[in-house]
Each structure stands twice: as C-alpha cells, then as structure tokens.
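> Kindly return the folded structure for what I paste below:
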Amino acid sequence: MTMRKAVPLLCCALLWVAAAPLQAQVVSLNYERLSSLEDPLAMEFGDVTYVLNGLADLPLLLDLDGGADRIEAIGNFEFEASTQLSNRWLAAVTYFGQYVSDSAAETSSEEDYTDNLALSVGSYWGTVVLGNVSGIVREQTRRLRGAGNASLAFDDALGRLGDDGGGYLVRFGPWLFSSLIDDDDNVDLGVTYQRPTGTRDYRLTARYTDSTYTTEDRSRSFDSTAFSGVAEVIFGSTRWDLGAGYEHLSSDGLKADRWYASAGGRIKAGVLSLSLEGHYGQIGNEDEVSAAFGIQYDLARGLSVNLGLNHTDGTAERDGTSIIRKRENKAALSMRYSF
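You can find the predicted model right below:
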C-alpha cells in the first residue's frame with residue numbers, strides 16, 4: 001500500500017474508533033440492480049443464526065431501436081450465517097450469488113453465474129469485512145434505484161475497485177462511515193448522514209474513489225479519481241434526490257475530465273410505485289445522456305409486475321480511444337417474486 005493512500009485511510013479509521021458510542025453495521029454483498037425488498041427468512045440452530053433472502057425475475061426485454069427482443073431469467077440470493085463470540089463480537093459469513101441467462105445484457109460480466117463471499121466481525125467499534133467487498137461503499141452512498149425495471153445508465157463514476165479487498169464500516173448516531181481498500185491499493189471512502197426532521201427524512205452522502213477504469217473493448221485502462229455526492233429528501237411515500245460527481249481519468253499521457261448530474265423522484269400510492277430519473281454529463285465537450293421510467297405493481301407479498309423504459313446515449317473518444325460508447329432504447333416487462 002502506498003503511503004499517499006494509507007495515511008488518509010488510517011486517519012479516518014483512528015477518528016472513527018476514537019468516537020463513542022459507535023455501532024456495528026450490517027453488510028450486504030448484493031451490488032446488482034435487483035434486490036429483495038422483503039424481510040429475510042431466518043432461523044437459529046445452536047449458537048448460529050441463518051438468514052436467507054432472494055428473488056426470481058422473468059423479464060421480456062424489448063429493443064425499441066429495432067433489434068432482437070428476448071426473454072431472460074434472473075435469480076439471486078444472499079445467505080448469512082452469524083454467531084456471537086465469547087467477547088460479544090458478532091462474526092458472520094455472507095454469500096451472494098446471481099444467475100443471469102444472458103449475462104451480457106444485464107451485467108458487465110461474461111459469466112452467467114457470479115458470486116461474492118465475505119467474512120465480517122463487528123461490535124460497538126464497528127464492522128471489519130474481508131472478501132469480495134468492492135461495492136460496499138458505493139451501495140451506502142449512491143442514489144437509490146428507481147421502481148420496477150428502471151435502470152439509469154452512467155449514474156456513477158466509471159472507475160471500479162477490484163473484487164477482493166477489506167473494508168471498515170461504523171455508525172455514529174446519524175452518521176455512517178465506510179472505507180474500503182482492494183488488493184491493488186485502490187481506495188473507496190464514503191460518509192452518509194441521515195435523520196428525520198419533522199415530517200421529512202433527509203439523507204446526504206459524499207464519496208471519494210481512487211480506482212481503475214477499463215474501456216469496454218479492454219483496449220486501455222485509466223487511473224480514475226472521483227468525487228461525488230447525493231442529497232435526498234423523503235416525505236411520506238415520496239422521494240426526491242439529486243446526485244452530482246466529478247471524475248478525472250488519466251492513462252499514459254491521455255487525460256480526460258468528466259462531470260455529471262442525476263436527479264429523480266419516486267412515489268408509492270397503495271400497490272403502485274412510480275419513478276422517473278434523468279442524467280446528464282460531459283467528458284470534455286462530448287455529452288452523455290440517460291433517462292429511466294419505472295413502474296412496480298404489487299400483486300401479493302413479494303410478487304409484483306414491473307416495467308421499465310430506459311434511454312441511453314453517450315459517446316466519448318480521445319486520441320482514437322473510445323472511453324464510453326453506448327446508445328440504446330429498451331423496455332423491460334417482468335414478473336418478479338422476492339423473499
């Protein structure tokens with residue numbers, strides 16, 4: 001680990017440990033678009049508590065640009081086994097797995113089945129986690145996802161951390177601090193502030209990321225340094241949020257600056273949830289634009305019909321290198337069951 005990266009991470013950790021009272025934080029390894037919203041299944045056997053949740057989704061994907069339509073099958077689950085040690089620390093093993101019948105359409109992975117595994121130990125001083133933890137800071141600080149099958153493209157830094165690493169999370173009152181370092185010495189730091197005020201609930205986040213971005217054709221890799229923030233307000237069953245970020249990309253003398261902003265709203269009325277989101281950004285003088293509209297209609301506990309209309313248009317090149325290139329208009333209609 002380089003001294004430049006180690007010093008700020010160590011200082012943050014010492015500051016959090018010195019504060020009191022601190023709290024441990026539950027860790028999820030689901031970094032995908034789909035996740036169960038239901039209470040998990042849980043049981044105890046001896047001194048070990050087992051927790052399981054997941055979902056199954058069968059979407060019909062329609063290419064509105066005239067391409068081929070297709071039907072997919074998506075399923076994921078998260079399993080945790082935890083026990084309290086003699087010193088009252090909580091030790092846990094968490095496993096997440098996801099199967100996508102056409103992985104190229106849903107994720108960046110070329111494999112149909114992907115998974116994450118992590119070990120964690122937590123107590124009043126926070127939670128230390130080791131394993132496939134690349135998305136824990138991002139999930140704590142990102143804009144919340146839209147309803148149904150809405151999927152807003154470009155709504156994040158382009159850079160990503162490696163799969164393997166270690167992290168530390170701790171809650172201090174309304175503050176949640178999270179940090180992560182991977183096996184390539186990339187770092188991810190985040191802070192979230194959330195508390196109700198009157199009839200409203202406010203959430204503010206900030207994130208710093210030092211990572212790597214590899215172009216889709218894998219022809220070039222960039223060092224990425226990014227800053228981002230989110231402001232969110234919830235009033236009853238209505239949520240409005242705004243996110244913005246800046247990212248600097250560099251690779252062997254080639255440099256590019258990217259900035260972006262995203263905004264959206266989500267409302268729930270009875271069994272119906274609606275969301276509308278938009279994104280605009282630039283890399284140099286080249287635009288990136290996306291929009292997403294989602295509907296979720298609840299049929300029964302855990303069972304819902306979902307619709308998403310998603311627009312993506314972004315192209316940016318530097319010295320013959322395609323940094324981003326994605327243009328598509330798609331609709332997704334699915335039946336989903338979560339538990």
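> all contacts plus neighbour counts: C-alpha atoms, from now on.
Fine.
> ok, N149 - contacts?
294-296, 306-309, 332-334 (C-alpha atoms under 8 Å, 6 or more residues apart in numbering).
> again with R88
S123.
> what's the closest non-adjacent residue to the most centrally placed residue in the chain?
With distances taken as C-alpha atoms, centre = their mean, E139 lies nearest the centre of the chain, 3.7 Å away. Once flanking residues are discounted, E139 sits nearest to Y31: 6.8 Å by C-alpha to C-alpha, 6 or more residues apart in numbering.
> same thing with M335?
Using C-alpha to C-alpha, 6+ apart, the closest residue to M335 is V305 (4.8 Å).
> gap between the helix or strand hosting that neighbour and the chain center?
Using DSSP states H and E, V305 sits in strand 303-318. Relative to the chain's own centre, strand 303-318 is displaced by 16 Å; criterion: C-alpha atoms, centre = their mean, to the nearest Å.
> Could you do stretch 324-339 as well?
16 Å.
> what do you get for stretch 282-300?
Centre to centre, stretch against its chain (C-alpha atoms, centre = their mean), the figure for stretch 282-300 is 15 Å.
> Go ahead and report the secondary structure state at the closest residue in space to V26 that isn't next to it in sequence.
Once flanking residues are discounted, V26 sits nearest to T127: 8.0 Å by C-alpha to C-alpha, 6+ apart. Of the three states, T127 takes strand under DSSP: H, G, I helix; E, B strand; the rest coil.
> separation between T127 and L58?
Applying C-alpha to C-alpha, to the nearest Å, one obtains 36 Å for the distance of T127 from L58.
> Looking at those two, which one has more neighbours?
Set T127 next to L58 and count neighbours by other C-alpha atoms under 10 Å: T127 wins out with 23 against 18.
> isn't the more buried one right next to L169, touching?
Yes - when contacts are counted by C-alpha atoms under 8 Å, T127 is listed as touching L169 (5.2 Å).
> so what's R143 up against?
Residues counted as contacts of R143 (C-alpha under 8 Å, 6+ apart) are 230, 241-243.
> Make sure I have this right: S82 is in a strand.
Yes - looking at S82 with three-state DSSP, it is inside a strand.
> residues in contact with the residue nearest to it when sequence neighbours are not counted?
Counting by C-alpha to C-alpha, 6+ apart, S82 lies nearest to A92, which is 4.1 Å off, once chain neighbours are set aside. Contact analysis of A92 by C-alpha under 8 Å, 6+ apart lists 80-83, 119-121.
> is G243 in a bridge, and if so with what?
V230, S262 (DSSP bridges).
> try S123
Beta-bridge partners recorded for S123 (DSSP bridges): G126.
> residues near it, how many?
By the criterion of other C-alpha under 10 Å, S123 has 18 neighbours.
> so it touches W89, yeah?
Yes - using C-alpha under 8 Å, S123 makes contact with W89 at a distance of 5.0 Å.
> What pairs with the longest strand along the chain, parallel or antiparallel?
When every strand of the chain is counted residue by residue (DSSP state E), the longest turns out to be strand 321-338. Paired strands of strand 321-338, with direction, are strand 48-63 (antiparallel), strand 303-318 (antiparallel) (DSSP bridges).
> I'd like to know the average pLDDT value across the last one.
For strand 303-318, mean pLDDT rounds to 96.
> got the buried residues for that strand?
303-316 (16 or more other C-alpha atoms under 10 Å).
> Report the contact partners of the residue nearest to M335.
Residues near V305 by C-alpha under 8 Å, 6+ apart: 148, 296-299, 333-336.
> Check those residues and tell me the two furthest apart.
L299 and L333 (14.7 Å; C-alpha to C-alpha).
> the more surrounded of these two?
L333 (22 against 14).
> can you pull the pLDDT of the more buried one?
For L333, the model assigns a pLDDT of 97.
> In the sheet, which residues pair with it? Tell me.
In beta-bridge terms (that is, DSSP bridges), L333 pairs with L60, L307.
> For it, give me its contacts.
So L333 contacts 59-61, 149, 305-308 (C-alpha under 8 Å, 6+ apart).
> 10 Å instead, please
57-62, 71, 148-149, 294-296, 305-309 (C-alpha atoms under 10 Å, 6 or more residues apart in numbering).
> Kindly report the same for G190.
Taking C-alpha under 10 Å, 6+ apart, we find G190 in contact with 136-142, 169, 176-180, 205-209, 227-229.
> among those, which are in strands?
169, 176-180, 205-209, 227-229.
> Serialize those to CSV and add fields for neighbour count.
Formatted as CSV, the ones in strands among the contacts of G190 follow (neighbours: other C-alpha atoms under 10 Å):
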residue, neighbour count
L169, 27
L176, 21
F177, 24
S178, 27
S179, 24
L180, 26
T205, 22
A206, 21
R207, 22
Y208, 22
T209, 24
F227, 18
S228, 22
G229, 21
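> Nothing else from me, thank you.
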